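Colleague: Please find the sequence and the predicted model below.
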Amino acid sequence: MTDIKTNRYTSFLSYFKVHGEIIAAAVSGILILVAWILSGHISHTLWISILIAAFLIGGFFKAKEGITETYQTKKLNVELLMIIAAIGAASIGYWAEGAILIFIFSLSGALESYTENKNKNELQSLMKLQPEMATLLNEEVVNINQLKPGDHITVKSGERIPADGIIAKGDTTVDESALSGESIPVTKTRNDEVYAGTVNLGGSLQIEINTFPTETMFQKIIELVQNAHEERSPSQQFIEKFEGMYVNIVLVTVAVMMFLPHFLFGWSWTDTIYRAMILLVVASPCALVASIMPATLSAISNGARQGILFKGGVYVEALAKLDAIAFDKTGTLTKGEPEVVDYYIYPDHDIGYVANIIYAVENESIHPLALAMKDWAVTERGRQSDVVANVEHHNGRGLSAQADDITWMIGNADMVGKQDAEQILGAMKTQEKATTNIFVKKGPEVIAVFLLKDTLRQDAVEAIRELQGFGVQTVMLTGDNQATATSIAKEAGIDEFHANCLPEDKVNYLKQQRQRGQQTAMIGDGVNDAPALATANIGVAMGAGSDVALDTANVVLMKNNLAKMVHAIRVSKKMNAIVKQNIIFSLAVIGVLIASNFLQVINMPLGVIGHEGSTILVILNGLRVLRVD
């Protein structure tokens, strides 16, 4: 029984810690409503007591926050400004107005805290996606912190994968939406990599762990999101610096206003102090301070849901200001894996039999070109046969083998003979350019040629077109030769390209862009792209890229999908537009309220509603970034 009571008490404290501000604001509002309803039916002392309770309950969190921050920074802040204004109103007999000020201020503060908590909750929800326990092959259940590279675990159908690893046994489909933002499951088989936090939708798997639990892709995502929440955009940094100076100016002005109008305009002391208190309320920069952070946090959360990880608000803000985006080619614009795009086999040879020979020979190699040839063979094998091939490797040239008492060669023109290679290429009459050519020689005769190419990603062309629609120049920086670069750039619709680029060439190009005042992003995935990612105004890494690229980049596209870059810029533009709206609106409201106070056309309640209402509106406006599609 004691444990149950303890658990309930702990749960209550946990709930109050999260929702305490909104509860306090609600109770404060209810007390004010009760005081208003009973104002003609209870004693003045009791009426004031109810309003004092509204003061204390509604103002507790903000007063604590203001005092703590002032003590730590030795600077005054908006929270203290509001508390002083409320106390000032009460001191001249405006108890209800002071209480209403506290209520609306606490409500806007609770709403801002809700925005921050919403982002924290999304992060906590993300953290919960990674299981805490894993099952070893002997069915022993251990904490994931005990796992290390080389361990083998089992994951049943429907379970979340607890750690990064390689499938040692089994075939399945995996829901990777938690990492990539894509809802379509991905097919996985032996030797494919799987990630912590993703869901095994198929059969049971045996997985060999290949990273420590603290180094998984999932943990990197969590760290990136945590760091992003702590970063401040340039606009936010400016507002925070401006806030301290502005608060001091307001307090000095209010101090002067508490006596100057009495002597200058002949106002009564009550009117003079009353107008000074209203000025204290309406001149406070609450709405201005709240103009940026809720919108920035909403943008970071929106991106995280879509598989876009921003390492700070500064990068969210900067994306909308890009003049150009430079792309690496291999693995960024293209798939990074060659595939057969065309082939020609002399008509008197059976395609199925040739495919069987190619499969048997290329199956002995792990070279990317061999894997591409094997993939072609798998789709073309018309009949199955147990071809036994004794394969010999010829480094840099190809493979040879004895099969069915015939010598076969699969390789480049140097291996099969350049004259025979040119002859079969002439018979092919292909339109494909910038390809790698692999020839098949049967005995003394070259019987087939295959054209292989690193093909464009399906999403690349559309993404580039949309980026250009934003007014962003697209540039390709590649280490490939001129012919290959020309072909890919034309196919992708790239505005400008530079071939034969070494890592330092990419860096020099980006430095030149900076010197011309151009804001340029670099998108890459390899170790060789890391210097360029660090040099660019914004470095963007493809999620499947190298660890160095992921660590160096400012933004990570978890799914290797350039359409995510389009979404990131769209979110950035929306966030910047909303921030501008908020700043202009909040400054306009402050200006109107200050002028109205000097003209004596507003009272304390209207000043409170106008000022704190504008704060609530800018926070709600900032939350709209969450809805950007």
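Modeller: Done, it's in. Numbering: from 1, shown residues only.
Colleague: my read: Leu51 touches Ala35, true?
Modeller: Yes - Leu51 lies in contact with Ala35 (C-beta atoms under 8 Å); the separation is 5.3 Å. Heads up, the C-betas are built off the backbone N, CA and C, glycines and all.
Colleague: Number of residues surrounding the residue nearest to Phe470 when sequence neighbours are not counted?
Modeller: Sequence neighbours aside, Ile569 is the residue nearest to Phe470 in space, at 5.9 Å (criterion: C-beta to C-beta, 6 or more residues apart in numbering). By other C-beta atoms under 10 Å, the residues close to Ile569 number 20.
Colleague: go on, Lys74?
Modeller: With other C-beta under 10 Å as criterion, Lys74 counts 7.
Colleague: do the same with Pro503
Modeller: Count around Pro503 with other C-beta under 10 Å applied: 16.
Colleague: So it sits against Ala534, correct?
Modeller: No - Pro503 lies out of contact with Ala534 (C-beta under 8 Å); the separation is 10.8 Å.
Colleague: what about the strands in the stretch 51-200 of the chain?
Modeller: 133-136, 141-143, 152-155, 165-169, 172-175, 186-188, 193-194, 199-200 (DSSP state E, counting those that start in this stretch).
Colleague: May I see those arranged in a markdown table, with mean neighbour count as well?
Modeller: Below are those laid out as a markdown table (neighbours: other C-beta atoms under 10 Å):
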| stretch | mean neighbour count |
| --- | --- |
| strand 133-136 | 16 |
| strand 141-143 | 12 |
| strand 152-155 | 21 |
| strand 165-169 | 18 |
| strand 172-175 | 20 |
| strand 186-188 | 16 |
| strand 193-194 | 17 |
| strand 199-200 | 22 |
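Colleague: Going by residue numbers, what spans are helices in the stretch 451-600 of the chain?
Modeller: 460-469, 482-492, 503-515, 530-535, 547-552, 563-598 (DSSP state H, counting those that start in this stretch).
Colleague: Compute the inter-axis angle for the first one and helix 563-598.
Modeller: Just to be clear, that refers to helix 460-469. 30 degrees (axes from the mean of the first three to the mean of the last three C-alpha atoms, to 10 degrees).
Colleague: List the contacts of helix 460-469.
Modeller: Helix 460-469 is contacted by residues 325, 333-334, 474, 491-495, 561-563, 565-566, 569 when judged by C-beta atoms under 8 Å, 6 or more residues apart in numbering.
Colleague: Of those residues, just say which sits nearest to Gln206.
Modeller: Nearest to Gln206 among the contacts of helix 460-469 is Asn561, at 29.6 Å by C-beta to C-beta.
Colleague: isn't the closest one right up against His567?
Modeller: No - Asn561 is not in contact with His567 according to C-beta under 8 Å; the separation is 9.4 Å.
Colleague: hang on, Tyr346 packs against Lys441?
Modeller: No - here Tyr346 does not reach Lys441: they are 11.7 Å apart, not a contact under C-beta under 8 Å.
Colleague: quick one: which of these two has more around it?
Modeller: Lys441 (22 against 14).
Colleague: Which helix or strand contains the more buried one?
Modeller: strand 436-442 (DSSP states H and E).
Colleague: What angle do helix 482-492 and that strand make with each other?
Modeller: Going by the same axes, to 10 degrees, strand 436-442 makes 110 degrees with helix 482-492.
Colleague: Buried residues of strand 436-442, list them for me.
Modeller: Neighbour-count burial for strand 436-442 flags 437-442 (criterion: 16 or more other C-beta atoms under 10 Å).
Colleague: what's the answer for stretch 20-33, then?
Modeller: Within stretch 20-33, the residues that qualify as buried by neighbour count (16+ other C-beta under 10 Å) are 21-22, 24-29, 31-32.
Colleague: Which of those residues fall within helices?
Modeller: If you go by DSSP state H, the buried residues of stretch 20-33 have 21-22, 24-29, 31-32 in helices.
Colleague: Those residues into CSV, with extra columns for pLDDT and distance to Val194?
Modeller: What follows is these, written out as CSV (pLDDT from 0 to 100; distance: C-beta to C-beta, whole Å):
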residue, pLDDT, distance to Val194
Glu21, 78, 41
Ile22, 80, 41
Ala24, 84, 46
Ala25, 82, 46
Ala26, 85, 46
Val27, 88, 50
Ser28, 86, 51
Gly29, 85, 51
Leu31, 90, 56
Ile32, 86, 56
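Colleague: Quick check: the farthest pair among these?
Modeller: Spatial extent of those (C-beta to C-beta) is set by the pair Glu21 and Ile32 at 16.7 Å.
Colleague: Endpoints of stretch 439-452, how far apart?
Modeller: 11 Å (C-alpha to C-alpha, to the nearest Å).
Colleague: Any buried residues in that stretch, and which?
Modeller: 439-442, 446-452.
Colleague: Show residues contacting that stretch.
Modeller: With C-beta under 8 Å, 6+ apart, stretch 439-452 has contacts from 338-346, 349, 354, 357-358, 369, 372-373, 376, 406-413, 415-417, 420-421, 423-425, 428, 430, 432, 435-438.
Colleague: Is it possible to mark the buried ones in those residues?
Modeller: Buried among the contacts of stretch 439-452 by 16+ other C-beta under 10 Å: 338, 340-341, 343-345, 354, 357-358, 369, 372-373, 376, 408-413, 415-416, 420-421, 424-425, 435, 437-438.
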